[in-house]
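Novice: Just the structure for this:
(2 chains)
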Amino acid sequence: MAGAEFRLSPHARRILAALAPIVCGADVERLDLTASVLDHVERTLGSFPAALRAAMIVGLNVFELSAAARPSSRGRRFSQLPREAARQHYESWWVSRFTVLRETANLLKVPLALAYYEQPPIRDQLGYAPDGWIVAAAQRRLATWATEIRQHEVELLASDPLVSPGPILRSIAPTPGGGGQRVQTRDDFAGGELACDVVVVGSGAGGAVVAAELAAGGLDVIVLEEGGYHPTHEFTTEASAMVRKLYREGGMQVAFGTPPISFNGGMSWRTPEQVLRRWQEVEAIEDISPAAMERYFTRVERYISAAPQDPGSIGRDNKLFREGAERKGWKVIPNIRNQLHCAGCNNCVLGCPTGAKRSTLVSYLPRALAFGARIHADCRVERILLNGKQAEGVMGHIIGASGRRGTGFTVRARRVVVAAGAMQTPALLARSGIHSPSGRIGGNLALHPNAMVVALFDESVEGWKGVHQGYQVREFQDEGLLMAAVNLPPSILAMALPHYGPALGELMQDYNRIVTAGVLVEDTGRGRVRALPSGQPIASYILSDMDADRIIRGTALLADLLFAAGARRVILPFEGVPDLLAADDARRLYRQPIPKRAMKLSTVHIMGTARMGGDPARHVCDSYGQVYDSAGLVVADASLFPSPIGVNPMETIMALATRNAERILENWMPQRVL
Amino acid sequence: MSNEKDTASFEFQRVATLDRRALETLMVQGERPDLDALPGWEYWGMNIGISARLLRIQKFIKGFFRLPGGQVCGYNVRARQNGPAAPWMAMPVDGVPRRFGFYRVTPVAPTARDNAYLHALLLDYGQGGNGRLNPLSTLRDYLVRVAPGSDDLLLGKAFMAVGRPRVSVGYFLLERYRPSDNRLSVREQ
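Specialist: Here you go, the predicted model:
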C-alpha cells in the first residue's frame, strides 16, 4: 500500500548520512550514493506504520544525543563525531546488553541496508542482474508454451457454475475479455451508494474465489479491496518498491499482515487428511472429510493451474537443497504451485512479472469480471451495516493516492462476505459491533512461525535464477516441520543478516553463493487479534515452549541438510549464537539454551481468528462460514481455520471459499430469509 | 412423542440443576424447535434459579395452539406449587384450567428488536392480546431444544421489555406431557 507523504527532517538526514557509511560500508560515499540512499529511506519510512516510524525517529534522536555522553566524544553528538568514534558508538549499541539499544541499532540499520542494497551500482557489484534474466525467461516461456497458456485462459473463463441455474439463479455467460470490465480504482470511483446481491470484502485467496463463483452462479457481486490495483506489468525486481506497493504498512506487518491479492509464494497443497478428519470429529464441521473436499480441491487446482514446476525453472539453490535432503535420506518432494509454466523468475512474493504465477490477480478476478462482477480497489471497508443482526451491506471510504481518507461509500447487499484476512476480518467484525456467542472473535490466532537460515557455498548458486521454493522436505511433517529453500533479493537479505558495515558487505559479496532456507512450524501456541479504538487490529501471540523447541530442532535439521549439500557456513536466526561451520555444530544447538527472545522469526500464514465449527459456543462461524448469531454474514478466508494446518494455506482457503460460495448459491432465495 | 405422565424426566431434572453458565451454553447451542410440532401439546414448565425464587413461581404449564389463519400461539396455566418432585397439577382444577398470558410464537427475526437468539423460537407476549397495561405483555421468551432433533424437552430464557431495553428474567424448562385441549373459550380467543 502506498505510504503517506513523509519527509525526513534536515536534522534526521544529517544523522542518517553519518550513519550510512557505518551501516552500509564506505562505498556509499565513494560511489556518491548517500543522497539516493536517504531518499530511499524516506520512502520506506513513509510506508511504515505511524507508530513504528515515530519510534524510529525517537530512537534516531536518542542515538544521536547519547553519543555526547561518552567521555571520548567530548560533548559531541553522533553526527559530529569522526568516523571511527561514530562507528564505536554504533557498535556499542549493536552489542549492548540492553535489549532496547540492540533493537534500536538494528531498527536503524534496516532501512539503510534495504536502500543501499537496492542501488543499481551495488546490485551490479553483487552480480545480481535479474531484469535481463526475467525478460529472457519470459520470452522463452511464451515461445514454448503459448498454446497451453491460451488454452488455460479459455478454460478459466468457461461457464461452469457451482450450482445449476434455475428459476432463482440466472444463467449467465461470460463476456470474453471481461466485456470491458476492469478493476476500478480511486480514479474511476467517486464514492456514493452502490447496490448488489453480494458484497465481498477482500480480493485475496478467499474473496476472489467467492466473488468469481457467485458471479458465475448468476449473482450480482461487488468486490471491495483495500489495497491498490497493480497489474502484472507493474511488477519489478525493486524489492522495497514492491513491498511498499503490495504489503500493508510497508511490510512491517509481514508478521501479522494481510496478504494483498498478489502476495504469495504460490505453494498449492491440499489440507492434510488428518487435519480434515480432526476438523470433522473435534470441531464438528459438516462434510469436510477428504472425500467431501475432493471436488473443491480439484476445482480450485484447475483454475489456479496447480502443478509441479517445469524442470527448467528450478534454480541451483533448490537443486542443492534437494541434493542435501537426498543425501540425508529424507523425504523431499517437488512443490506443487499455482503456476502455468513458471519461468523461474524468483519474484513470486513481489509480484510475478510474467503472469505465470496464477494468483487471484490473473485467475479468479478476471473470471469474476468476465461474469459481471464489479471490483473496486483502494476501498477500505470501515463497518458492516446491520439492521438488528441482519447484515445489509458495508460502508467505508476511498483511500487517496497519498493514503489519506477520501470520499465515503456505501454498498447495500443481501449478503456480506468478509475475506479480509485473519488480522483484518476479526477487526472488521469487532468494530461493526458483531458479538459471537463463543466470545472468540479474534482468538485462536495461529501463525506457522518461520525461522530462516543463510548458508554459504563455495560454488556459484545464483538463487535468483529459478523458482522460489521448488521443493519441500516432508520428512518431519509428523513433527509439524516443513522446510524449503527461499531465495531473497539482496536488499531483503541484507536487512535480515545479523551484521552491518564491512562485515555485512563481505557477506553480501558472496550473495551469488548463498542459499537461504526456512523451516515452518505447525504451531501449538495461540494468540489473539484485538481491535484498537481506532479500529485497527493489533495482534499478540505467545510462542509455546514446544514450538520453540521445534524451531531449534527444525533449524538444526535444516543446517544439517545444507552442510550435506556442501555448505561451508550456516548463519542462524538466533541472536548471540555463533555461525555453524560444520554439520556437527548443528547438533550442539540441542545442548545450548536458546531463549525465545533470541529467536528471529517471521510468518506469512495467519489463521484461525474467526474459527468455523459446529458449536456456536466454541466457534465463531458455522460449517459454511456463516457467522453465528447473525444473518447474511459469511467469512471466507483463513480466519475460518479451527487450527493451523501445517502446510501452506492458500489452497485450503480457496477450497473453503468455494464451498461457502456454493452454500450461498444453494440457499439463495428471492426474499431475504435466515 | 411423550404420553401423558406425572413427573419430570431425569434429563429435565438434570438440566434444572445446571448453573447459569451451562444453561447459557445450552441456549447458544440449542436448535430451533419445530414450530409445527408444538400446536396441540401442553408442556409442564419450571422456572430455574433465581427467577423462581424472585417470582415465587416455580411450576407452570404452557400450551400451544394454532389459530385458523395458521399462526401458532400459546398460553400459560397456573400449576400447583407443590415442589419439583410432585406431579404437575393445573389450577384452579386440573382438567379445567384457566388459561392466561397468551403469546405469539415465531422464529426469531434478525431485524426485529427481540433477536437475542437467532436460532430460537420467540414467545412474544406483546403480540398475545394480553392488553398493553398487563405486565405480562412485557415478556419475551426464547425457546431452544435441549437435545438435537427432539421437541420433547425445551430450554427457555425469559426477558422483560422495559421500554426498549430487555432485562433477562431467567431460564425455564419445558417438557412435553400431554395433548392440549385446543378448544379455547370465547373469552380466551
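Novice: any weak-confidence spans in the stretch 251-400 of chain A?
Specialist: Applying pLDDT under 70 to the stretch 251-400 of chain A flags residues A:251-264.
Novice: swap that for chain A, sorry
Specialist: Low-confidence segments of chain A, defined by pLDDT under 70: A:1-4, A:166-172, A:176-180, A:250-264, A:670-674.
Novice: and stretch B:67-86, which residues are buried?
Specialist: B:72, B:73, B:74, B:75, B:76, B:77, B:78, B:79 (16 or more other CB atoms under 10 Å in any protein chain shown). Any C-beta I mention is one placed from the backbone N, CA and C, and that applies to glycine too.
Novice: Beta-bridge partners for the third one, please?
Specialist: In this structure, residue B:74 has the following beta-bridge partners (DSSP bridges): residue B:64, residue B:103.
Novice: was I right about it contacting residue B:106?
Specialist: No. Taking CB atoms under 8 Å as the contact criterion, residue B:74 and residue B:106 are not neighbours in contact, 11.2 Å apart.
Novice: Could you point out the longest helix of chain A?
Specialist: helix A:130-156 (DSSP state H).
Novice: centre of the chain versus that one, how much separation?
Specialist: Averaging C-alpha positions (CA atoms, centre = their mean, to the nearest Å) puts helix A:130-156 25 Å from its chain's average.
Novice: any idea which helix or strand comes after that helix?
Specialist: Where DSSP states H and E defines the elements, the next helix or strand beyond helix A:130-156 is strand A:192-195.
Novice: Pairing partners for that following strand, with directions?
Specialist: strand A:405-412 (parallel).
Novice: quick one, phi/psi of residue B:107?
Specialist: Summarising the backbone geometry of residue B:107 under the convention degrees, to the nearest 10, its torsions are phi -60, psi 150.
Novice: Just the terminal-to-terminal distance for stretch A:61-79.
Specialist: Between the opening and closing residues of stretch A:61-79 lies a distance of 10 Å (CA to CA, to the nearest Å).
Novice: same question, stretch A:346-360
Specialist: End-to-end for stretch A:346-360, by CA to CA: 18 Å.
Novice: for stretch A:105-125, same thing?
Specialist: Between the opening and closing residues of stretch A:105-125 lies a distance of 26 Å (CA to CA).
Novice: re earlier: can I get the buried residues of stretch B:67-86 in CSV including pLDDT?
Specialist: As requested, the buried residues of stretch B:67-86 are arranged in CSV below (pLDDT from 0 to 100):
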residue, pLDDT
B:72, 96
B:73, 96
B:74, 96
B:75, 95
B:76, 95
B:77, 92
B:78, 90
B:79, 88
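Novice: what about the helices in chain B?
Specialist: Using DSSP H, the helices of chain B run over residues B:10-16, B:20-29, B:50-55.
Novice: same check, this time on the stretch 301-450 of chain A
Specialist: A:316-328, A:364-370, A:421-431 (DSSP state H, counting those that start in this stretch).
Novice: State the distance from the residue nearest the centre of chain B to chain A.
Specialist: Against the mean C-alpha coordinate of chain B, by CA atoms, centre = their mean, the closest residue is residue B:62 at 5.5 Å. Distance of residue B:62 to chain A, given as CB to the nearest CB, to the nearest Å: 24 Å.
Novice: The closest residue to residue A:325 other than its chain neighbours pairs with what?
Specialist: Setting aside the residues directly before and after it, residue A:325 is nearest to residue A:332 in space (CB to CB, 6 or more residues apart in numbering or on different chains), at 3.8 Å. When bridges are taken as DSSP bridges, the partners of residue A:332 come out as residue A:473.
Novice: Tell me the residues of the stretch 251-400 of chain A that contact chain B?
Specialist: For the stretch 251-400 of chain A, the residues in contact with chain B (CB under 8 Å from any CB of the partner chain) are A:387, A:388, A:389, A:390.
Novice: Of those residues, which pair is most distant in space?
Specialist: The widest separation within these, taken as CB to CB, falls between A:387 and A:389 and amounts to 8.1 Å.
Novice: Would you mark the buried spots in the longest helix of chain A?
Specialist: Of the residues in helix A:130-156, those buried under the neighbour-count criterion (16+ other CB under 10 Å) are A:130, A:133, A:134, A:137, A:138, A:141, A:145, A:149, A:152, A:156.
Novice: from these, which is closest to residue A:192?
Specialist: After measuring these against residue A:192 - CB to CB - the closest member comes out as residue A:156, at 32.0 Å.
Novice: Tell me, how many residues neighbour the closest residue to the closest one other than its chain neighbours?
Specialist: If the residues on either side of it in the chain are set aside, residue A:156 comes closest to residue A:367, at 5.7 Å by CB to CB, 6+ apart. By other CB atoms under 10 Å in any protein chain shown, the residues close to residue A:367 number 25.
Novice: Can you name the residues that contact residue A:367?
Specialist: Taking CB atoms under 8 Å, 6 or more residues apart in numbering or on different chains as the definition of contact, the neighbours of residue A:367 are A:156, A:157, A:174, A:212, A:215, A:216, A:303.
Novice: same thing with residue A:300?
Specialist: The neighbours of residue A:300, taking CB under 8 Å, 6+ apart as the test, are A:209, A:306, A:651, A:654, A:655, A:658.
Novice: who wins for neighbours among those?
Specialist: Of all the contacts of residue A:300, the highest neighbour tally under other CB under 10 Å goes to residue A:209, namely 35 neighbours.
Novice: Can you tell me the SS state at that residue?
Specialist: When the structure is split into helix, strand and coil by DSSP: H, G, I helix; E, B strand; the rest coil, residue A:209 lands in helix.
Novice: pretty sure it is touching residue A:360, no?
Specialist: Yes. Contact criterion CB under 8 Å: residue A:209 and residue A:360 qualify, at 7.4 Å.
Novice: So which residues of chain B form strands?
Specialist: Under the criterion DSSP state E, chain B carries strands at the ranges B:41-48, B:59-66, B:72-78, B:92-93, B:96-97, B:99-107, B:121-124, B:139-145, B:153-161, B:166-179.
Novice: now the ones you listed in a markdown table, with distance to residue A:668?
Specialist: Written out in a markdown table, the entries for the strands of chain B read as follows (distance: least, CB to CB, whole Å):
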| stretch | distance to residue A:668 |
| --- | --- |
| strand B:41-48 | 35 |
| strand B:59-66 | 30 |
| strand B:72-78 | 27 |
| strand B:92-93 | 53 |
| strand B:96-97 | 46 |
| strand B:99-107 | 19 |
| strand B:121-124 | 25 |
| strand B:139-145 | 27 |
| strand B:153-161 | 31 |
| strand B:166-179 | 32 |
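Novice: what ranges do the strands span in the stretch 501-650 of chain A?
Specialist: When assigned using DSSP state E, counting those that start in this stretch, the strands of the stretch 501-650 of chain A occupy the ranges A:514-521, A:527-531, A:537-541, A:569-571, A:601-602, A:633-635.
Novice: would you turn those strands into a markdown table with distance to residue A:312 and mean neighbour count?
Specialist: A markdown table is the format used below for the strands of the stretch 501-650 of chain A (distance: least, CB to CB, whole Å; neighbours: other CB atoms under 10 Å in any protein chain shown):
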| stretch | distance to residue A:312 | mean neighbour count |
| --- | --- | --- |
| strand A:514-521 | 19 | 25 |
| strand A:527-531 | 41 | 20 |
| strand A:537-541 | 40 | 18 |
| strand A:569-571 | 29 | 22 |
| strand A:601-602 | 30 | 16 |
| strand A:633-635 | 40 | 28 |
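Novice: Okay then, goodbye and thanks.
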